[in-house]
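> please work out how this folds:
(6 chains)
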Amino acid sequence: MPLIIKDEYPEKLFREDGKRLDGRDKHELRPIKMEVGVLENADGSAYLEWGNNKIYAAVYGPREVHPHHLAKPDKGILRVFYRMATFSVFERKRPAPGRREKEISMVVTDCLDPVLFLELYPGTSFEVFINVMDADGGTRCASTTVAALALADAGIPMRSLVSAVAMGKIDGELITDLSGIEDKAGEADLPCAITWFNEELSLLQFDGTMDIKEFSECLVLAKEALNKIHEIQLEALKKKYIDIQEQYKGGEKGA
Amino acid sequence: MPLIIKDEYPEKLFREDGKRLDGRDKHELRPIKMEVGVLENADGSAYLEWGNNKIYAAVYGPREVHPHHLAKPDKGILRVFYRMATFSVFERKRPAPGRREKEISMVVTDCLDPVLFLELYPGTSFEVFINVMDADGGTRCASTTVAALALADAGIPMRSLVSAVAMGKIDGELITDLSGIEDKAGEADLPCAITWFNEELSLLQFDGTMDIKEFSECLVLAKEALNKIHEIQLEALKKKYIDIQEQYKGGEKGA
Amino acid sequence: MPLIIKDEYPEKLFREDGKRLDGRDKHELRPIKMEVGVLENADGSAYLEWGNNKIYAAVYGPREVHPHHLAKPDKGILRVFYRMATFSVFERKRPAPGRREKEISMVVTDCLDPVLFLELYPGTSFEVFINVMDADGGTRCASTTVAALALADAGIPMRSLVSAVAMGKIDGELITDLSGIEDKAGEADLPCAITWFNEELSLLQFDGTMDIKEFSECLVLAKEALNKIHEIQLEALKKKYIDIQEQYKGGEKGA
Amino acid sequence: MMNIKRVISTIEKNYILSNLKKGERIDGRGLWDYRDWTVKCDVITSAEGSSEVTLGDTKVITGLKYEVGPPFPDLPNEGVCTFMAELLPLASPLFERGPPDEQSIELARVVDRGIRHADCVQTKKLCIKENEMVYILFVDIYVINYSGNLIDAGGISALSALISSQIPEGKWVDGNVEWTGNYLTGETIVNELPMVVTYGKIGDMIFLDPSLPEELVCDGMLSISVTENKLASIQKSGTATFSMEEIEMLVKKSMELAKKIIKELNLWQYKR
Amino acid sequence: MMNIKRVISTIEKNYILSNLKKGERIDGRGLWDYRDWTVKCDVITSAEGSSEVTLGDTKVITGLKYEVGPPFPDLPNEGVCTFMAELLPLASPLFERGPPDEQSIELARVVDRGIRHADCVQTKKLCIKENEMVYILFVDIYVINYSGNLIDAGGISALSALISSQIPEGKWVDGNVEWTGNYLTGETIVNELPMVVTYGKIGDMIFLDPSLPEELVCDGMLSISVTENKLASIQKSGTATFSMEEIEMLVKKSMELAKKIIKELNLWQYKR
Amino acid sequence: MMNIKRVISTIEKNYILSNLKKGERIDGRGLWDYRDWTVKCDVITSAEGSSEVTLGDTKVITGLKYEVGPPFPDLPNEGVCTFMAELLPLASPLFERGPPDEQSIELARVVDRGIRHADCVQTKKLCIKENEMVYILFVDIYVINYSGNLIDAGGISALSALISSQIPEGKWVDGNVEWTGNYLTGETIVNELPMVVTYGKIGDMIFLDPSLPEELVCDGMLSISVTENKLASIQKSGTATFSMEEIEMLVKKSMELAKKIIKELNLWQYKR
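Residues are numbered from 1 along each chain as shown, chains lettered A, B, ... in the order given. As a prediction, the model looks like this:
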């Protein structure tokens, strides 16, 4: 756990050996760990560690809508509440939800909505609570990824999973999976999410400077990274069912 | 467009030639321009320029009351929402509505209420939105005046129009139609509005110092100014119907 | 009325003669005065002066619950709203209710609830408004005491009255009925309230440092003080009925 | 003062109005009579000035606190005097909890304006050091029992809290405030004694000092603040309209009434 | 821009969609046509810069105000330029009163991001004295009539308010700002002219500059901000998804369109 | 901890109560047993101290952040340690979104009071320069899964975040803070180890460490914070009443229990 005193940006974001500051190659993902079914009270839940990001997601629903007037007669509604813990960032965040948290909540909602069959649940709501306990860049992508897992864990019918990653540009070079420092000090940031059922982008944001050629290249690289993340999600879901199976077997043995 | 750097009050509010700082005579109104039917989405609308004041008013109604508990079973309700743009004043106004905006909203409501037949519209509401885009003194009077026009433009039955003007006292002299600087640096301020159907005052405020004689004189002068403003309002309404008529004729010609 | 300029704590809280700074003995109560039926509009009311504390309490109810969703189908609800006037303390309090006011509101609610027969009033609420106009330590106890009186004055059936007092420790010694300065500069503070019908504590808070022996002694001393306060409450209620009786007699004489 | 959340029956309104037309009021007063006044000062230990005022069954307690701080840039040698009002839910089933509503804000504003334009509070005496440090006075009005006409009761209450105040005197020494041990009192702080006089209007009937039932049914009210020989402020509320003749008549009447009440109450007796 | 509180019938949506499939729009435009633009600058006397922009029936007024204050510690020699947007209830029955909702915040944010990443506002020119004092510009966008595609109208409006601005020039003299009597104008403050271009998507149909009915029924929108030869920002809203090929096509199209519109509107004519 | 928005059937309450009367609890514990504890420290990279604590199925994560700033005028040589708690809606269908409710505020307050009066945090060690600059510690408790008795779990969690903290050491050099490169650790910051012990009461039955169903049906709770040989704070919540004999018994029992748990958990192992 590195304790830094000043939140300064380095002049260069590549080391002399051509690696990124955290030792990664240009298109290497940070270590990712996902687990589902981690919270007892929720209908579905997931936990994710992605680099130093540590994020919990919980799903409640389908359930009655509060306040009532938000309910829709012809379909269910999806509501996502993204929050960061005060201590999840370098400078303590104020406890009240900020504009950025509301924005990301909306972004993640729009990302997940296309994979759900909300028309099957008129008058109800699905609520997804995402709590970032530790943050290090790319939390909107990590949150989308872990929220999709929590929905799957809740057994809610889905067209497919959703995976997300932030591409970027630092020191003139395109890179995959921006870290916190690369996000702040870099030249461009392109978070995107894919809905696997149609292989289209459900999240796409871009801020920075790129020409068209770079942008096109970025999209190709994104696809590669998204494939890897999808694999890890599927592993996490499989692992739960293997665990359950083994518990049953264990139960039988013990019995 | 005069760009000033410091919002300072002059020592004298009359020039050496006896005119006011903006060149007006004591009881001369600033230039006034009014137009109705200026906003496509509203049920009725009006735009007013009065000196440097630039104000839009829009009327929506009769329509369902939100929130419901405000509805009255025996009559319609009138709600006025007066707001100033952040850039409408010398020092940028904070975006959230302030106490002054709420106060003027209430004042204008009380001014307009007597001319409406609200008892004919039980359970509904009329909402009048007044947005001051540029302000230069006397906005509560200008707002009352333009709001009455927007109500008329919406075709809502009215006992009469309402006209308003701010009288005042500067350097010991009574004047008509206070400008912004005269309002701030003067000795007394008397905004008033008249409901023409009974020729009584529906707005009357006074702040400053006057003896009884001055006050009585002020009321007489106010009546003269209000007559002139009423004329301009009637012209604006007529102009719309002339315009419509000409369009029809034009249409016939063109057809 | 002593006007102090700086809110400083003295080094010692006992005078050389062994008395407390306000001249009291260790277990002497401050002067207490109570009166019921002091506010015309309320269903029940009481006024209390306890040292420099001056507190009004008013009860409204049983009445309809606002907002409706707070109503309970099987019993009435008790709501207490404790507020301090801006000028009731040394440094002007901000007008909006603070956390401390909400906390004390909750504490007093929990204190009074056990003596009411709320199950007899399904769907309704009792609202107790407590306004501290002048404060000098022990306001949560004084408020509990005066609120119980206001409930009795409203003729609401009660299992018993509730009495409260703050015990404490200053300069190493246990004392009864902490004053404002003793509360701030002392070593421990133990406000407690008794429900007389079962002689149990319905309020119990402790902050500071005490060993078990001191704590046990404190409870014994509290009981003695609570008995005295109970007497004063009963006197105030009696006095009202005597006054009413005398008015009737007076009425007959006068008639 | 019109946003009362109570449905008043048309019957009640007509009854009050028809009596007014006969020159009678439901509490027996004449059209131009005040209810009884009482004033007590120095009632709050923690406040630097205070008063408890009753007007009929209406009861308000006002306290004054001070702070010191830098002056407004455009008034470098003047202190500040602010007014706040709170209609406590304890005072009436008509008052709701929550942040100050329009009624509270209007009460504070009308009292403020009546006092501000009357050369009453000597803000220049509230300056400790030009450009650096002045007094900020907070005059906070709490309504304890509501029985109509809070404006006139609040006005007298604010005035008597000011008159009875005693504020530690500060001097500017080496860039800091030092307290002299003396006090500024109402004698220093207050000059003119303005009074707000409030009328109600129902239909075409006008009357002084509306009681609660009158206030609840009236079409509007008019509050006129005057000093001995000047008009200081007027505030109309509600949807009533007034003819110019009525306005002139009421301004004159206010001057007579204010002179009489201010003399009767003799507020200067409370200075310390 | 999706949280409109109106129920649109499926019939209406299908009608619009089936027309789009034939390459037709309900107002007669082609898929890649803008509605008509008008721009007027210097319309608000009290503002240091202002513009009134219409795009079809959509109308926005933007004003610019400034303050001076200390810079952010990590950008000691740069001024600040902030954007705010308000969807006035006057502008549409779909807009509600109250604090800025998601739609207003998103409008301001998309306009902000489109301008921020485009080397447009020369924040270093907005520095009076490094570490001490910089300009803070407030560019506030008010929607006066809402008829779809507020983002593009808001973007052009913000840009033209900046270009037409005239801000008193301050110098740092002995620890204070002194005003020179000259002005900073759009010529100094603005460099690149970025433009946001917004598309709607319904089903698999994509089209430029959504009108109000199109906006109300569409699955999502995509706003792309570009300068002459660079991409500056992209924002997707709503639940539509876009294939990578569609995205690439729209980025290219945005560059062509922006070049054309910026030339047509000739915003530099408004500098003073 | 009583304002749970769930209707609990009288049947459920009676069932729990009748079992308690037999000395049995629905999860098989005895009246005076705690559920199992786990403690993990240094779990959050971005925090200067952190811990994850579980008590049965209750799970909380606490992080510590610091700022530096001027001290309170009346404590010129002491730092400040504040506590905040948030009951995340993720943790239970009983928790609602929105600003901190009474339950969160009470949780933070009870933890705060238990620690504050126990000579635990050495606020004088958190002073960089008297009158000028001190540390402000923010100990923020997040409830991740709610299964009863948040106070005891929150208390241990706050304590272990403090013990495991590592705060950059600052020195006062020429009117500024300079960082020495060393750290203040739990060893310096923490002295006594207080523990809050919470009991539930249903009817006349009292029991330790209420589980969720017990908490939902109980009449009230009593939290007692103790150090090795002193009482530091008591908080009663809910409408239960306690006899004086019960109170004395529970204070004694708390001292025994706290001594045992603090020894078992051995929190000092987490200092760095």
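> what packs against the helix with the most length in chain D?
Longest helix in chain D, counting residues (DSSP state H): helix D:244-265. The contact analysis (3 or more CB pairs under 8 Å, 6 or more residues apart in numbering or on different chains; DSSP states H and E) places helix D:244-265 against strand B:200-210, helix B:212-254, strand D:37-41, helix D:150-163, strand D:195-202, strand D:205-208, strand D:220-226, strand D:231-238. Every C-beta, even on glycine, is put in place using the N, C-alpha and C of the backbone.
> so for A:Ala164, which of the ones you listed sits nearest?
helix B:212-254 (54.6 Å; CB to CB).
> so where's the stretch 101-250 of chain A uncertain?
A:250 (pLDDT under 70).
> close to chain E: what parts of it are there?
Proximity of the stretch 101-250 of chain A to chain E (CB under 8 Å from any CB of the partner chain) is limited to residues A:102-103, A:106, A:110, A:113-114, A:190, A:195, A:198-212, A:215-216, A:219, A:223.
> of those, buried ones?
A:102-103, A:106, A:110, A:113-114, A:190, A:195, A:200-210, A:215, A:219 (16 or more other CB atoms under 10 Å in any protein chain shown).
> ok, the nearest residue to A:Ala96 once chain neighbours are set aside - how many residues close by?
Excluding the flanking residues, the one nearest A:Ala96 by CB to CB, 6 or more residues apart in numbering or on different chains is F:Pro99, at 7.0 Å. For F:Pro99, the count of nearby residues is 9 (other CB atoms under 10 Å in any protein chain shown).
> pLDDT value on F:Pro99, please?
On the pLDDT scale, F:Pro99 is placed at 76.
> ditto for A:Met1
Reported pLDDT for A:Met1: 31.
> equivalent analysis for D:Ser237, please.
D:Ser237 is given a pLDDT of 93.
> ok, the one 4 residues further on next?
Predicted confidence (pLDDT) at D:Thr241: the value is 97.
> close enough to count as contact, it and B:Phe197?
No - checked against CB atoms under 8 Å, the pair D:Thr241 and B:Phe197 is beyond contact range at 9.4 Å.
> deepest-packed of the helices and strands packed on helix D:244-265, please.
A comparison of the helices and strands packed on helix D:244-265 by mean neighbour count, using mean count of other CB atoms under 10 Å in any protein chain shown, puts helix D:150-163 on top with a mean of 28.
> save the helices and strands packed on helix D:244-265 as a markdown table, and put in distance to E:Val43 too.
Converted to a markdown table, the helices and strands packed on helix D:244-265 look like this (distance: least, CB to CB, whole Å):
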| stretch | distance to E:Val43 |
| --- | --- |
| strand B:200-210 | 29 |
| helix B:212-254 | 20 |
| strand D:37-41 | 56 |
| helix D:150-163 | 42 |
| strand D:195-202 | 43 |
| strand D:205-208 | 46 |
| strand D:220-226 | 39 |
| strand D:231-238 | 35 |
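> between these, which one is nearest to A:Glu35?
So among the helices and strands packed on helix D:244-265, helix D:150-163 is nearest, using CB to CB, at 63.0 Å.
> kindly export that closest one (C-alpha atoms) in PDB.
Output of helix D:150-163 as PDB, limited to C-alpha atoms (Å, rounded to 0.1, in the frame of the first residue of the first chain):
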ATOM      1  CA  LEU D 150     -48.300  39.100  13.700                       C
ATOM      2  CA  ILE D 151     -46.800  42.100  11.800                       C
ATOM      3  CA  ASP D 152     -47.800  44.800  14.300                       C
ATOM      4  CA  ALA D 153     -46.900  42.600  17.300                       C
ATOM      5  CA  GLY D 154     -43.600  41.600  15.700                       C
ATOM      6  CA  GLY D 155     -42.800  45.200  14.900                       C
ATOM      7  CA  ILE D 156     -43.300  46.400  18.500                       C
ATOM      8  CA  SER D 157     -41.500  43.300  19.800                       C
ATOM      9  CA  ALA D 158     -38.400  43.900  17.500                       C
ATOM     10  CA  LEU D 159     -38.400  47.500  18.500                       C
ATOM     11  CA  SER D 160     -38.500  46.800  22.300                       C
ATOM     12  CA  ALA D 161     -35.800  44.100  22.000                       C
ATOM     13  CA  LEU D 162     -33.600  46.800  20.300                       C
ATOM     14  CA  ILE D 163     -34.400  49.400  23.000                       C
END
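> check whether it contacts chain B.
No - with CB under 8 Å from any CB as the criterion, chain B is not reached by helix D:150-163; the gap is at least 14.1 Å.
> can you list the strands that the very next helix or strand once past that helix pairs with?
Using DSSP states H and E, the helix or strand that follows helix D:150-163 in sequence is strand D:166-173. Using DSSP bridges, the strands paired with strand D:166-173 are strand D:176-185 (antiparallel).
> and the average pLDDT for the strand it pairs with is what?
93.
> which residues touch it?
Under the criterion CB atoms under 8 Å, 6 or more residues apart in numbering or on different chains, residues C:3, C:5, D:68, D:125-126, D:128, D:133, D:135, D:165-172, D:271-272 lie in contact with strand D:176-185.
> quick one, it and helix D:150-163 angle?
Interaxial angle of strand D:176-185 relative to helix D:150-163 (axes from the mean of the first three to the mean of the last three CA atoms, to 10 degrees): 120 degrees.
> run the chain-centre distance for strand D:176-185.
28 Å (CA atoms, centre = their mean, to the nearest Å).
> quick check: buried residues in that strand?
So strand D:176-185, judged by 16+ other CB under 10 Å, has buried residues D:Val177, D:Leu184, D:Thr185.
> make JSON lines out of those and add distance to E:Met221.
Formatted as JSON lines, the buried residues of strand D:176-185 follow (distance: CB to CB, whole Å):
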{"residue": "D:Val177", "distance to E:Met221": "60"}
{"residue": "D:Leu184", "distance to E:Met221": "64"}
{"residue": "D:Thr185", "distance to E:Met221": "68"}
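> nearest to chain F, of the residues you listed?
Set against chain F, the nearest of the buried residues of strand D:176-185 by CB to the nearest CB is D:Val177 (14.4 Å).
> which non-adjacent residue is nearest the closest one?
Nearest one to D:Val177, counting by CB to CB, 6+ apart, is D:Gly170 at 4.2 Å.
> next, count neighbours for that neighbour.
By other CB under 10 Å, neighbour count at D:Gly170 equals 21.
> against D:Ser50, how distant is it?
Distance, D:Gly170 to D:Ser50, using CB to CB, to the nearest Å: 21 Å.
> tell me which parts of the stretch 1-150 of chain A are close to chain F?
Going by CB under 8 Å from any CB, the residues of the stretch 1-150 of chain A near chain F are A:1-3, A:5, A:39-42, A:45, A:52, A:54, A:56-58, A:60, A:63, A:66, A:81, A:83, A:85-90, A:92, A:95-96, A:127, A:129-131, A:133-136.
> pick out the residue of the stretch 1-150 of chain A closest to chain D.
A:Ala96 (18.1 Å).
> number of residues surrounding that residue?
A:Ala96: 8 neighbours (other CB under 10 Å).
> my guess is D:Pro213 contacts D:Ile26, does it?
Yes - under the criterion of CB under 8 Å, D:Pro213 is in contact with D:Ile26, at a separation of 6.2 Å.
> these two - which one has more neighbours?
Looking at D:Pro213 and D:Ile26 with other CB under 10 Å, you find the greater number of neighbours at D:Pro213, namely 18 against 13.
> host element of the more buried one?
Going by DSSP H and E, D:Pro213 is part of helix D:212-217.
> that older thread, and the helices and strands packed on helix D:244-265: which comes nearest chain A?
Once the helices and strands packed on helix D:244-265 are compared by CB to the nearest CB, strand D:231-238 is nearest, at 33.3 Å.
> same for the closest one, what does it pack against?
By 3+ CB pairs under 8 Å, 6+ apart, strand D:231-238 packs against helix B:99-112, strand B:200-210, helix D:102-116, strand D:220-226, helix D:244-265.
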